[in-house]
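Engineer: sharing a model prediction with you, sequence too.
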Amino acid sequence: MSDDPVTAQRLKQGLPIFVALASVLLVVAVMAALYLGRDILVPVTLAILLSFVLVPAVRALRRLRVPRAAAVLLVVTVAFGALFGIGSLIASEGAQLASDLPRYSLTMRDKVAALRGATAGTGTLSRIMDLVQDLGAALQPPPPVEVKGEPGSATHPLTVEIKAAKASLVETVQIFAGPVLHPLATTGLILIFTIFILLQREDLRNRAIRIAGSGDLRRTTAAIDDAASRLSRFFLAQLALNVAFGVVIGAGLWLIGVPSPTLFGVLAAVLRFVPYVGAAISALLPLVVAAAVDPGWSMLIWTAILFVVVEPICGHVVEPLLYGHSTGLSPIAVILAATIWTFLWGPIGLVLATPLTVCLVVLGRHVERLWYLDVLLGDQPALMPPEIFYQRMLAGDPAEAVDQGREFLKERALVTYYDEVVLAGLLLAQDDLSRGTLDRDRQEAVGASIRTVVDRLGAAPIARSRRGKTRMASREAAAAVAAAGPDRQVAGVVLGRDDLAPNWRGRTPVLCVSSRGPFDEAATLMLAQTLGRHGLQAQVMAMKALREGARPERIDEIALICFSYLEPVSLSQIRFTVRQARAAVPGVRILVGFWRERDPASLERLRRAVSADVLVTSLNEALAAVQAASRAPGTHAPAEAPREPLPALAHAPA
């Protein structure tokens, strides 16, 4: 490496460009390998996916003491026998439908003529029918051309016959045997690979563990087992659902009277593996046949009703019960994957697009080096809820944060949202402030956005016990609810005047003091709003105003002073502030919120250092401590369910 600092600096600046180019070249190389090696990779991929479906059956036979080889051969024989049976049935049904098409075309021609007559002179629809008829006439083969002789002579058509050269034996075999041998060869490869994958399953697993990382066998084994079981359950559930969909469609078409219902049922089951559009594509051919067979319109209408009713039931009722509301893929990833795999592997790639992409997402969630696959293709939020909140504040878009907060409040209390999302987002902002990456204007803008969110969410009702499950309209809100866990008991408690001790019955018995900056001010506003929503009204002041001589309202009614610190600067300064507060309001209790600290041992040390009555690290803890301190004698606080890993409250001795 060169010792020249200028060269080293240029290499450092150009490194991201080289990495990006290398990534692009790697993607191009992988896609080229997939395209050029599709004759081998397609059978291998189908065998792997088929093995996920057949593994449970092999395990069931193994539990019955059937030898492994016999169990694998029996399961594979039954599976491929069923596939060959379905294939022969499709071939016979397709041949029968093809032979009946000329008869059906007469009915369709009569319908087109009737529609043209009914729409004559009605504008656009009439012109469309004329266009269809003109196109049909244009597509008709031209009549034979006759060349006549001289006038008065006999007419003799000129016949021209072109004969191809006699094909060799090799060419004849390629023409007639090629279309048959290629599918048979592909099927044979799938059969062989499936058998060996099922027989060597443990050996392949061990090799995957070696590649993924043998340094942590427990973690790697758990990840691979979890991925394999998830994929197996997903493919089995999807296969069962699509087969049931095809059976229902086939039976419905048989009852309606549409010819070849078995063919259309099998096509519906296969095409439903194609996301979003598969069911719609499978409905086109039955609709066309129904329109061609029935002289009226009832068969066409009933066929359309069948697909319109069955597909939503499968997609929105049965599918979520089997394997969740989605495949774990983002919608754009599903469309992109279908496009790419179709380009690489043709129609079979379109069918395999969703299963293959699910495999990639599962690998991304379990293999640390492939984490980017989950980010690019998965449906989970790419950012954590606090990061999303802070990003919206940086973008100056509090409206989106308010909407997500309201979605969160459908399931959890506002104080839980403040703790798990907003307060955590404030800590991210404080980190940027400490690093010097936020200028003063941006600080004020972020602080103003956070205050807007707090003001708008403050009108939400107090959380009560919720029964049933509310479906989240936002994945980000659902992720925040899942990460937050259940509400604490105090989140649903509102104290009345009679529940308070006499010295807590003033108009504003709590004074909340923010230490410095817009972010500490926002945390203090959340604390004051939380206490006020639960029956303990609070007033808010800044530390700077107090030091400049400002006095809080009704100072003689204050029973508790809360100091809020996102980033304490000096313990001696906090201790001095606490002593000043005790001197200004004799007998007042002091609560200090260290919103960053989480270690119980550090909390106890800090409590002794600052001489506070209570130290808390979350708004839920602050609410619980204030409710306990403000209750009148003889009233009891609700029992708190244990909540980990939050630290216990630390109280000063009397």
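Structural biologist: Cool, the structure landed.
Engineer: what's the distance between stretch 516-529 and the middle of its chain?
Structural biologist: Centre-to-centre, stretch 516-529 and its host chain are 34 Å apart (C-alpha atoms, centre = their mean, to the nearest Å).
Engineer: buried residues in it, which are they?
Structural biologist: Of all the residues in stretch 516-529, those buried under the rule 16 or more other C-beta atoms under 10 Å are 517-529. For the C-beta atoms, the positions are set from N, CA and C on the backbone; glycine is no exception.
Engineer: just the ones of those in helices?
Structural biologist: Among the buried residues of stretch 516-529, the subset assigned to helices under DSSP state H consists of 517-529.
Engineer: which of the buried residues of stretch 516-529 sits closest to residue 389?
Structural biologist: Closest approach between the buried residues of stretch 516-529 and residue 389, by C-beta to C-beta: residue 522, at 11.7 Å.
Engineer: ends of stretch 555-564, what's the gap?
Structural biologist: 19 Å (C-alpha to C-alpha, to the nearest Å).
Engineer: residues of that stretch that come out buried?
Structural biologist: Judged by neighbour count using 16+ other C-beta under 10 Å, the buried positions of stretch 555-564 are 557, 558, 559, 560, 561, 562, 563, 564.
Engineer: could you dump the residues you listed to a markdown table with secondary structure?
Structural biologist: Converted to a markdown table, the buried residues of stretch 555-564 look like this (DSSP: H, G, I helix; E, B strand; the rest coil):
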| residue | secondary structure |
| --- | --- |
| 557 | helix |
| 558 | coil |
| 559 | coil |
| 560 | strand |
| 561 | strand |
| 562 | strand |
| 563 | strand |
| 564 | strand |
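Engineer: what is the neighbour count of residue 60?
Structural biologist: 12 (other C-beta atoms under 10 Å).
Engineer: now name the helix or strand holding it.
Structural biologist: Assigned by DSSP states H and E, residue 60 belongs to helix 38-63.
Engineer: now the next helix-or-strand element following that helix against helix 38-63, angle please.
Structural biologist: Per DSSP H and E, helix 38-63 leads on to helix 68-118 as the next helix or strand towards the C-terminus. Relative orientation of helix 68-118 versus helix 38-63 (axes from the mean of the first three to the mean of the last three C-alpha atoms, to 10 degrees): 120 degrees.
Engineer: for helix 68-118, packing partners?
Structural biologist: helix 38-63, helix 124-139, helix 169-199, helix 261-271, helix 278-293 (3 or more C-beta pairs under 8 Å, 6 or more residues apart in numbering; DSSP states H and E).
Engineer: circling back: which among the buried residues of stretch 516-529 gets closest to residue 35?
Structural biologist: Taking the buried residues of stretch 516-529 together and measuring to residue 35 by C-beta to C-beta, the closest member is residue 519, at 52.6 Å.
Engineer: wait, that closest one sits on residue 447?
Structural biologist: Yes. The pair residue 519 / residue 447 is scored as a contact, 6.3 Å apart, by C-beta atoms under 8 Å.
Engineer: thinking again about what came up before, can you add distance to residue 184 and pLDDT and give the buried residues of stretch 555-564 back as a markdown table?
Structural biologist: Shown next, in a markdown table, are the buried residues of stretch 555-564 (distance: C-beta to C-beta, whole Å; pLDDT from 0 to 100):
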| residue | distance to residue 184 | pLDDT |
| --- | --- | --- |
| 557 | 91 | 81 |
| 558 | 89 | 87 |
| 559 | 87 | 87 |
| 560 | 83 | 88 |
| 561 | 85 | 88 |
| 562 | 79 | 89 |
| 563 | 80 | 88 |
| 564 | 75 | 86 |
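Engineer: ok, those residues vs residue 14, which is closest?
Structural biologist: Nearest member of these to residue 14, counting by C-beta to C-beta, is residue 564, at 46.4 Å.
Engineer: okay, the closest residue in space to that closest one that isn't next to it in sequence: pLDDT?
Structural biologist: Sequence neighbours aside, residue 524 is the residue nearest to residue 564 in space, at 4.3 Å (criterion: C-beta to C-beta, 6 or more residues apart in numbering). pLDDT, residue 524: 88.
Engineer: repeat for residue 194
Structural biologist: pLDDT at residue 194 comes out at 88.
Engineer: and for it, the neighbour number?
Structural biologist: Counted with other C-beta under 10 Å, the neighbours of residue 194 add up to 25.
Engineer: the spatially closest residue to it that is not a sequence neighbour: neighbour count?
Structural biologist: With C-beta to C-beta, 6+ apart as the criterion, residue 194 has its nearest non-adjacent residue at 4.4 Å, and that residue is residue 47. Other residues lying near residue 47 total 19 when counted by other C-beta under 10 Å.
Engineer: and if you look at the one 5 residues further on?
Structural biologist: For residue 52, the neighbour count with other C-beta under 10 Å is 21.
Engineer: nearest spatial neighbour of residue 302, skipping sequence neighbours?
Structural biologist: Per C-beta to C-beta, 6+ apart, closest to residue 302 is residue 256, 4.8 Å.
Engineer: would you mind measuring from the one you found to residue 269?
Structural biologist: Distance of residue 256 to residue 269, computed by C-beta to C-beta, to the nearest Å: 18 Å.
Engineer: neighbour count winner among those two?
Structural biologist: Using other C-beta under 10 Å, the more surrounded residue of residue 256 and residue 269 is residue 269, with 23 against 19.
Engineer: which helix or strand contains the nearest residue to that one once chain neighbours are set aside?
Structural biologist: Of all residues not flanking residue 269 in the chain, residue 246 sits nearest, at 2.8 Å (C-beta to C-beta, 6+ apart). Here residue 246 sits within helix 217-256, counting by DSSP H and E.
Engineer: of all residues in this structure, which one is nearest the centre?
Structural biologist: residue 379 (2.0 Å; C-alpha atoms, centre = their mean).
Engineer: ok, now which ones touch the closest residue to that one other than its chain neighbours?
Structural biologist: Excluding its sequence neighbours, the residue lying closest to residue 379 (C-beta to C-beta, 6+ apart) is residue 330, at 4.7 Å. Each residue near residue 330 by C-beta atoms under 8 Å, 6 or more residues apart in numbering is listed here: 377, 378, 379.
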